[in-house]
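J.: Model the structure of this input:
(chains A and B)
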Amino acid sequence: SAVISQKPSRDICQRGTSLTIQCQVDSQVTMMFWYRQQPGQSLTLIATANQGSEATYESGFVIDKFPISRPNLTFSTLTVSNMSPEDSSIYLCSVRGAGMNTEAFFGQGTRLTVV
Amino acid sequence: SQQGEEDPQALSIQEGENATMNCSYKTSINNLQWYRQNSGRGLVHLILIRSNEREKHSGRLRVTLDTSKKSSSLLITASRAADTASYFCATPIYSGAGSYQLTFGKGTKLSVIP
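T.: All right, here's what the predicted structure looks like:
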């Protein structure tokens, strides 16, 4: 299992500003995943963060808007840049073991409201 | 892209009743997982059922899988107010380089009335 500490838990931000979300894992993991959950919707994968290499972004998400850092095997940050009200969502980080038959562990989520 | 589709989207029951949620998916899978989310917080893994399993139990949870119909169901027996949450099914999709990403359904919002 893995315990993930994610912060901030919530924030209200002005449009045009940026917010950096941090996730700290209690064990070393190869891949960390960042998801967005828009109000009342399911989770959409933003990107996969690998230590020592560039993050891999999903279709519809770009590095300029969602830069990710992964300085070591227990920590990652996601920045939401130049925010607009459409970025209001819950952002979640997650880790999984290698292979297909493994469960995912999630941080507590960051509820972002852009005004 | 969305792999799983849950129904119903919302379900309201009385405490003590059973709650059944269904998930349909599109492509072949190796396993299907169910997660719970309390009011916009992080998701918690409930149960994983492999493609060669038909039924699995964990406490008050019972999950079935019908690969011929590409569907799964989650049954919560003797529900409690604390079961109020959103429930999501998820399946691993191969994303290259030996790694798998989880794709989540739209979720069922369960309300258990005391």
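
J.: what residue of the chain is the furthest out?
T.: I went with chain A, as the question did not name one. Distance from the C-alpha centroid of chain A peaks at residue A:101, with 22.2 Å (Cα atoms, centre = their mean).

J.: wrong chain, I was asking about chain B
T.: Farthest out in chain B is residue B:97, which, by Cα atoms, centre = their mean, sits 27.1 Å from the centre.

J.: how close does that residue get to residue A:102?
T.: Separation of residue B:97 from residue A:102 (Cβ to Cβ, to the nearest Å): 16 Å. Where you see a C-beta, it was placed from the backbone N, CA and C, and this is true even at glycine.

J.: now do residue B:64
T.: Residue B:64 is 21 Å from residue A:102, by Cβ to Cβ.

J.: Quick check: the residue of chain B nearest chain A.
T.: residue B:42 (3.6 Å; Cβ to the nearest Cβ).

J.: Kindly tell me how buried that residue is, as a neighbour count.
T.: Neighbour count for residue B:42, taken as other Cβ atoms under 10 Å in any protein chain shown: 20.

J.: tell me the contacts of it?
T.: Applying Cβ atoms under 8 Å, 6 or more residues apart in numbering or on different chains to residue B:42 gives the contacts A:4, A:6, A:92, A:106, A:107, A:108, A:109.

J.: Mind checking which of the residues you listed are in strands?
T.: A:4, A:6, A:92, A:106 (DSSP state E).

J.: Might one say that residue B:37 is in contact with residue B:104?
T.: No. The criterion here is Cβ atoms under 8 Å, and residue B:37 misses it with residue B:104 at 9.9 Å.
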